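Student: A structural model of the following input is requested.
(one chain, ligands or ions: 1)
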Amino acid sequence: MDLSNLDQDRLPKHIAIIMDGNGRWATNRNKPRVFGHNEGMKRVVDVVENSLNIGIKYLSLYAFSTENWKRPQKEIDFLMQILIKYIDDQLNKLVTQGVKINILGDISVLPKKVIQKIEYALDSTKDNNKLILNIAINYGSRQEILLAVNNAIENGQILTENEFSNLLYTRNQPDVDLLIRPGGEKRLSNFLLYQMSYAELYFSDTYWPDFKLDSLVDAIYWYQNRNRRFGGLK
Ligand code: FPP
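Tutor: Down below sits the predicted model:
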């Protein structure tokens, strides 16, 4: 399966990915878990590049959940380092390629160095619009929904669906069309629950560090063969 198999007129606008399996990928190679995260970062570079080439407009990547704080401090530190490295290595390219970075989640509690780096990346890419790259960091969907609800209550508002959507981190973006979860697990893990109401769910046993272009194309091809009814008949 390659790019020529994809129907250009029926691409998913918004793809979300739960990048799972880094740890197991590394363990299978008798390497420390962080080795898997490092390889996983290379797949982030690839999937952004591939999404641009394919013509995907919105890409949401789950990099760090609100539950990931339960991991050993060393692994957390490494994941923060990887974020910094990703921005250091990729930012210039992202700027010229037209990628706009958007953060999903509350970054205010991250180490100061990481916050500064992220803010710099947000500012540098703010005028881009070819691909919106949502990076979820310290993100949880329930927390996101509660934040929106509390915000509305504070303002004494009764909201329409559209107004509610615009209180989420994905404001002004279309719903997720296709969720991809590599790594063998079949669950949503508190990722974009509201935005995935009508998403097609694609699960793959491939670990994220092995999830290269052909795997992405397989997922999109599968999506294009789904019959999306949105509750209606066809
Ligand atoms: C899940 O695999 C993966 C994570 C918690 C981290 C994902 C982060 C990256 C791919 C790094 C770079 C990200 C960006 C945006 C630069 P796991 O550790 O739960 O794997 P396991 O289930 O095999 O243990």
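Student: CA atoms for contacts and neighbours, from now on please.
Tutor: OK.
Student: Is the spatially most central residue of the chain bridged to anything, and to what?
Tutor: Geometric centre of the chain, nearest residue: Leu61, 1.5 Å, by C-alpha atoms, centre = their mean. Beta bridges link Leu61 to Ile17, Ile135 when assigned by DSSP bridges.
Student: can you pull the buried residues of the longest helix along the chain?
Tutor: If you go by DSSP state H, the chain has its longest helix at helix 73-97. With burial defined by 16 or more other C-alpha atoms under 10 Å, the residues of helix 73-97 counted as buried are 75-76, 79-80, 82-84, 86-87, 91, 94-95, 97.
Student: Counting by contacts, list what the helix or strand following that helix packs against.
Tutor: Heading C-terminal from helix 73-97, the first helix or strand you meet, by DSSP states H and E, is strand 99-104. Applying 3 or more C-alpha pairs under 8 Å, 6 or more residues apart in numbering; DSSP states H and E, we find strand 99-104 packed against helix 112-125, strand 131-139.
Student: For strand 99-104, give the mean pLDDT please.
Tutor: Strand 99-104 shows a mean pLDDT of 98.
Student: anything in it near the ligand?
Tutor: No. Judged by C-alpha under 6 Å from any ligand atom, strand 99-104 and the ligand are separated, with a smallest distance of 10.0 Å.
Student: Same check on stretch 164-184?
Tutor: No. On the criterion C-alpha under 6 Å from any ligand atom, stretch 164-184 is out of touch with the ligand, staying 6.8 Å away.
Student: and the ligand, which of the buried residues of helix 73-97 contact it?
Tutor: Within the buried residues of helix 73-97, those near the ligand by C-alpha under 6 Å from any ligand atom are 82-83, 86.
Student: Any chance of the residues you listed in CSV with pLDDT as columns?
Tutor: Converted to CSV, those look like this (pLDDT from 0 to 100):
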residue, pLDDT
Ile82, 98
Leu83, 98
Tyr86, 98
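Student: which among those residues gets closest to Ile103?
Tutor: Leu83 (12.1 Å; C-alpha to C-alpha).
Student: In contact with that closest one, which residues are there?
Tutor: Contacts for Leu83 (C-alpha atoms under 8 Å, 6 or more residues apart in numbering) come out as Val114.
Student: how about 10 Å then?
Tutor: Counting by C-alpha atoms under 10 Å, 6 or more residues apart in numbering, Leu83 touches 41, 63, 89, 114, 117-118, 135, 137.
Student: likewise Phe35?
Tutor: So Phe35 contacts 22-23, 25-27, 29, 78, 209 (C-alpha under 10 Å, 6+ apart).
Student: and with 7 Å instead?
Tutor: Ala26 (C-alpha atoms under 7 Å, 6 or more residues apart in numbering).
Student: Distance-wise, check the nearest residue to Ile101 once chain neighbours are set aside relative to the ligand.
Tutor: Nearest residue to Ile101 in three dimensions, chain neighbours excluded: Leu133, at 4.8 Å (C-alpha to C-alpha, 6 or more residues apart in numbering). Leu133 sits 9 Å away from the ligand, going by C-alpha to the nearest ligand atom, to the nearest Å.
Student: i'd like the first residue to be 42 from this point on
Tutor: OK, 42 is where the count begins now, so the last one is Leu174.
Student: thought Leu174 was touching Gly139?
Tutor: No. Using C-alpha atoms under 7 Å, Leu174 makes no contact with Gly139, being 10.3 Å away.
Student: Please identify which of these two sits among more neighbours.
Tutor: Between Leu174 and Gly139, Leu174 has the larger neighbour count (other C-alpha atoms under 10 Å), namely 23 against 17.
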